[in-house]
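In: the sequence and its predicted three-dimensional model are supplied below.
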Amino acid sequence: MIFKGKHGPLLIAEIGGNHEGNFDYALKLTKLAIESNVDVIKYQIYTGNSLVNPLESPDRHIHFQKFELTKNEHIQLAELCQKHGVQYSASVWDTSVLDWIDPYLNFYKIGSGDLTAYYLLSEIATRGKPIVLSTGLSNMNEVIDTVNFLKKENTVYKNRDYLSILQCTSLYPNENSNVNLNVIKTFQDQFDHPVGYSDHTRGSLALKTAFAMGAEILEFHFTDSREGKSFRDHHISLTKKEVLDLIKSINNITILQGDPQKILLDEERNTDHVSSFRRGIYANCFIKSGTVITKNHLISLRPNHGLDARDVFQIIGKKANLDIKQFSKLSHDMFDEI
C-alpha cells in the first residue's frame with residue numbers, strides 16, 4: 001500500500017521552500033530528514049515565471065524566483081532520498097517538469113492552492129500515479145468536485161489506494177481553534193479513500209491527535225532549527241528531534257489503541273479482580289426459613305462470591321428453605337419456588 005508508513009501512518013516531512021533556494025542547505029535538510037526516520041521527504045518544484053504573474057503579484061513572483069532549485073538539483077535530492085530508502089515526493093507546480101521528475105515519484109502531492117487548478121490536475125492525472133490531495137482554502141463541495149474531476153480524468157482514481165485526501169487549513173501558523181480535526185471523520189464518511197492531515201500548527205500535538213483519530217497520512221514541515229529564521233515556514237516546522245519524538249508518540253498511541261474487539265484479557269483473568277471488583281448477592285439481614293424473599297432481604301456487595309449480582313431477580317419472590325445469617329453467601333439451592 002502506497003499510503004502506509006513503517007510506523008503506521010505515512011510520515012511526510014516537507015522541506016518545501018525551507019531551503020530558501022540554497023542547494024547546500026537543501027542537502028543538509030534532506031540528510032536530517034533521512035535521519036528522522038520518516039517515510040517521505042517532500043519538496044516543491046516551480047519557477048517564479050511558471051507560478052506567479054509578475055504583473056499581478058510582483059513581490060510573490062520575486063519570492064518564488066529566489067527559492068527556485070534547478071532540475072539537476074532536484075534530481076540529486078531525489079537520488080539522495082532513494083539511496084537511503086526514503087521516498088522522494090514533490091508538489092509539482094510546473095507542468096513542464098513532469099516528464100523528467102515523474103520517474104522519481106511514487107505519488108504526486110497536490111497542494112491546497114492547486115485543488116482548483118484543473119489544467120494541472122488533468123496533466124498529473126494522465127500519469128496515473130497515486131495522488132495526495134490537500135484541502136486547505138476549500139469547502140466540502142469544492143473537495144467533492146475535485147475528487148470527482150480526478151476520477152473523471154482517470155478512472156484509476158476510483159481505486160481506494162490511488163487517491164488520498166488530507167484535512168488542511170492554510171494558515172501560517174494555524175491556531176488550534178482552526179485545525180478542525182473532526183473533518184477527518186467527515187472525509188472518512190464521504191470518501192472511500194485514505195484520509196490524512198497536513199499540519200501548519202506549532203508543535204506536534206495536532207499530528208498526534210490526528211493519528212489517534214484515524215489519520216493514515218501525516219504531513220508536516222521540516223527544518224533544522226526555528227531559531228534566527230525569517231522565512232515563515234520554519235516557524236511551523238518540526239526538527240529532527242521533534243520528529244523522532246512524534247514517532248515515539250505514534251508507537252505509544254498504537255499500543256494504547258490496541259484491539260478493537262472488547263474481550264476479557266488474560267491479564268485481567270489472571271488477577272482476582274473479576275471476583276474482588278464485582279459484586280455478589282448476600283443476605284441483608286437474618287432470613288428465617290420460609291421467608292419469601294424481597295429486595296429488602298438482599299444486598300449487593302464485593303466480592304462476587306456465591307450468587308452473582310446479575311442473579312438477584314432470580315431470587316426475589318422465592319422462599320428460603322433454611323435460616324440464613326446476615327452477610328451469608330447465597331446459592332440457588334437455598335431457595336424454592338413458591
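Out: On my side now, so go ahead.
In: okay, CA-based contacts and neighbour counts for the rest of this
Out: Will do.
In: just list the residues touching the residue nearest to K288 when sequence neighbours are not counted, thanks.
Out: Counting by CA to CA, 6 or more residues apart in numbering, the nearest residue to K288 once its immediate chain neighbours are dropped is D323, at 4.6 Å. Neighbouring residues of D323 by CA atoms under 8 Å, 6 or more residues apart in numbering: 286-289.
In: so L32 makes contact with D224?
Out: Yes: the pair L32 / D224 is scored as a contact, 7.3 Å apart, by CA atoms under 8 Å.
In: between the two, what contacts are shared?
Out: K240.
In: so where's this structure uncertain?
Out: 1 (pLDDT under 70).
In: swap the cut-off to 50 and go again
Out: Along the chain, no part satisfies pLDDT under 50.
In: what does the domain assignment say about it?
Out: 10-257, 266-336 (automatic domain parsing).
In: just name the most buried of those domains.
Out: domain 10-257 (a mean of 18; mean count of other CA atoms under 10 Å).
In: quick one, helices of the chain?
Out: Secondary structure of the chain by DSSP state H: the helices cover 23-35, 48-51, 58-66, 71-83, 98-101, 118-125, 140-153, 183-190, 205-212, 240-257, 266-269, 273-277, 312-315.
In: okay, the ones you listed in CSV with distance to S331 next?
Out: Putting the helices of the chain into CSV (distance: least, CA to CA, whole Å) gives the following:
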stretch, distance to S331
helix 23-35, 65
helix 48-51, 82
helix 58-66, 82
helix 71-83, 71
helix 98-101, 78
helix 118-125, 72
helix 140-153, 62
helix 183-190, 50
helix 205-212, 46
helix 240-257, 40
helix 266-269, 23
helix 273-277, 16
helix 312-315, 9
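In: just to revisit the earlier point, backbone phi and psi for the residue nearest to K288, please?
Out: phi -70, psi 140 (degrees, to the nearest 10).
In: any idea how far it is from H273?
Out: 31 Å (CA to CA, to the nearest Å).
In: now do I253
Out: 26 Å.
In: do A215 as well
Out: Where H273 is concerned, A215 sits at a distance of 36 Å (CA to CA).
In: distance of T146 from H193?
Out: T146 sits 14 Å away from H193, going by CA to CA.
In: thought G48 was touching E68, still the case?
Out: Yes: using CA under 8 Å, E68 is in contact with G48, at 7.4 Å.
In: wait, what's in contact with A13?
Out: A13 is in contact with 33, 38-42, 219-222, counting by CA under 8 Å, 6+ apart.
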